[in-house]
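Asker: Here you go, sequence then predicted model.
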Amino acid sequence: MHFASDNWAGVPDAVSRALAEAASGAAPAYGDDGGTAAVTAKIAEVFEHEVAVFYVATGSAANSLSLAAFSPPGGVVFAHETAHVMTDECNAPAFLSPGTRFIGVPGHHGRLDAGELTHALDRFGPPNVHHGRAAAVTITNATELGTVYSPADVAAIGEVVHSRGLKLHMDGARLGNALATLGVSPADLTWRAGVDALSFGLTKTGAWSAEAVVLFTPDGVDDLPYLRKRAGHLFSKSRFVSAQFAALLEGGRWLSLAGHANAMARRLHAGLAAVPGVTFPFVPEANELFPALPRDMVARLFAAGAAFYEWPDASFGDTAGPERTRVRLVTSFATTEADVDAFLAAASG
């Protein structure tokens, strides 16, 4: 009963086979192999747009380097106050973009609000050397709270961002989950809605380690190779990252795996919602759930071997109360109906 993180899951057989096949023979290093060129072409096909692709080791690196490419001296970057770049990256974005200031903006259920964003940006215009200059906005889809932005949501933010000459970045660590929920194309949710750069993550979807910065505009293309190398994220044996991307992008496998994770989250939500004493701040839209569980239920689940994390209340606009504990439950491509049903049985006592 592993519901702590989609990072806990292994990899599907297709990824294992791809890595094994890539292990034989020799290939040029540092991204000059044919497999990496093929993946760049495949990503361009998937997103229906010319792209520049830069592999990195982690999602945090993808976020940080994307924003570093867009942030000039005195730059200011805006994100939702619960965004990963604000709360869970140990100041890596500021470290890799020295002097950049990051400002958290409120929004309902983890989504940046265009009105609140406009208000925050108004503090930095017209340009004032004492205040710094707005440079970029970053959003996460699916969000850290398990909700999603629709193409219209992204476009509304993109309009605000681009009207001020700024850049829009999307943290797509769970992009597949958002797409599986919405049933729209990758293009519709990214560059067509105004996204300039994407942190394209497949690790949570089923890769061993497959993360990349994807640029939809020429901005940043010249700087990112140097920013990446300086940060120590230029892989020598890029073919092994490419093998994972190729295996997961083939036939839309990444979307199928994300869709399965979402389906298991819906099953888990439906079952828990029927258990007395369990409350939810909102209906989950991807593969993360944040119920408030009775404290004795939490103890019972841990005793039964369930893995999950207790989670702070501050992000949700409500409180679990003294008799309940807020928790985070995450499903993955590897979650089975039996896993969900065992968790529900333990929760029900």
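Answerer: In hand now; what should we look at?

Asker: Could you pull out the helices in the chain for me?
Answerer: Counting by DSSP state H, residue ranges of the helices within the chain are 13-22, 34-47, 59-70, 84-87, 92-96, 114-122, 151-163, 175-182, 186-189, 224-230, 239-249, 253-273, 295-303, 337-348.

Asker: Now do the second one against helix 13-22, angle only.
Answerer: On the basis of axes from the mean of the first three to the mean of the last three Cα atoms, to 10 degrees, helix 34-47 is oriented at 150 degrees to helix 13-22.

Asker: Flag every buried residue along helix 34-47.
Answerer: By neighbour count on 16 or more other Cβ atoms under 10 Å, the buried set for helix 34-47 is 35, 36, 39, 40, 42, 43, 44, 46, 47. For every residue, glycine as well, the C-beta is placed using N, CA and C.

Asker: quick one, domains of this protein?
Answerer: Under the assignment automatic domain parsing, the domains of the chain span 13-251, 253-348.

Asker: to the chain's geometric centre, what's the distance from the last one?
Answerer: Translated: domain 253-348. In terms of Cα atoms, centre = their mean, to the nearest Å, the centre of domain 253-348 is found 19 Å from the chain centre.

Asker: mean confidence score for that domain?
Answerer: Domain 253-348 shows an average pLDDT of 94 in the prediction.

Asker: and that domain, how far apart are its ends?
Answerer: Between the opening and closing residues of domain 253-348 lies a distance of 34 Å (Cα to Cα, to the nearest Å).

Asker: what's the burial count for the closest residue in space to residue 109 that isn't next to it in sequence?
Answerer: If the residues on either side of it in the chain are set aside, residue 109 comes closest to residue 147, at 4.8 Å by Cβ to Cβ, 6 or more residues apart in numbering. Using other Cβ atoms under 10 Å as the criterion, residue 147 is surrounded by 23 other residues.

Asker: ditto for residue 141
Answerer: By the criterion of other Cβ under 10 Å, residue 141 has 29 neighbours.

Asker: just residue 100 next, same as before
Answerer: 23.

Asker: Quick check: it vs residue 304, distance?
Answerer: Distance from residue 100 to residue 304, counting by Cβ to Cβ, to the nearest Å: 45 Å.

Asker: go on, residue 125?
Answerer: Taking Cβ to Cβ as the criterion, residue 125 is separated from residue 304 by 55 Å.

Asker: and the gap between the spatially closest residue to residue 11 that is not a sequence neighbour and residue 306?
Answerer: With sequence-adjacent residues excluded and distances taken as Cβ to Cβ, 6+ apart, residue 11 is closest to residue 208, at 5.2 Å. As judged by Cβ to Cβ, residue 208 and residue 306 stand 25 Å apart.

Asker: quick one: which of these two has more around it?
Answerer: Comparing residue 208 with residue 306 by neighbour count (other Cβ under 10 Å), the higher total belongs to residue 306, at 20 against 16.

Asker: so the more buried one sits right up against residue 343, yeah?
Answerer: Yes. Look at residue 306 against residue 343 with Cβ atoms under 8 Å: they come within range, at 5.8 Å.

Asker: anything in contact with each of the two?
Answerer: With contacts taken as Cβ atoms under 8 Å, 6 or more residues apart in numbering, the residues that reach both residue 306 and residue 343 are 1, 3.

Asker: can you tell me how far the closest residue to residue 185 other than its chain neighbours sits from residue 190?
Answerer: Nearest non-adjacent residue to residue 185, counting by Cβ to Cβ, 6+ apart: residue 48, 7.1 Å away. When distance is defined by Cβ to Cβ, residue 48 is 10 Å away from residue 190.

Asker: what does residue 97 give?
Answerer: Note on residue 97: its distance to residue 190, by Cβ to Cβ, is 22 Å.

Asker: Please name the residues that touch the closest residue to residue 266 other than its chain neighbours.
Answerer: Once its chain neighbours are removed from consideration, residue 266 has its nearest residue in residue 284; the separation is 7.6 Å (Cβ to Cβ, 6+ apart). Under the criterion of Cβ under 8 Å, 6+ apart, the neighbours of residue 284 are 146, 147, 265, 266, 269, 290.

Asker: Show me the beta-bridge partners of the closest residue to residue 312 other than its chain neighbours.
Answerer: Across the structure, with Cβ to Cβ, 6+ apart as the measure, the residue nearest residue 312 apart from its sequence neighbours is residue 326 (6.9 Å). According to DSSP bridges, residue 292 are recorded as the beta-bridge partners of residue 326.

Asker: Can you give me every residue that contacts residue 326?
Answerer: Residue 326 sits next to 290, 291, 292, 310, 311, 312, 313, 316, 320 when contact means Cβ under 8 Å, 6+ apart.

Asker: same thing but 7 Å
Answerer: Neighbouring residues of residue 326 by Cβ atoms under 7 Å, 6 or more residues apart in numbering: 290, 292, 310, 311, 312, 313, 320.

Asker: Of all pairs in these, which one spans the longest distance?
Answerer: Of all pairs drawn from the contacts of residue 326, the widest gap by Cβ to Cβ lies between 292 and 312 and measures 11.8 Å.

Asker: who's more crowded, those two?
Answerer: Regarding residue 292 and residue 312, a neighbour count based on other Cβ under 10 Å identifies residue 292 as having more, with 23 against 9.

Asker: Who are the contact partners of the more buried one?
Answerer: For residue 292, the residues meeting the contact criterion (Cβ under 7 Å, 6+ apart) are 279, 320, 324, 325, 326.

Asker: Good, we can wrap up now.
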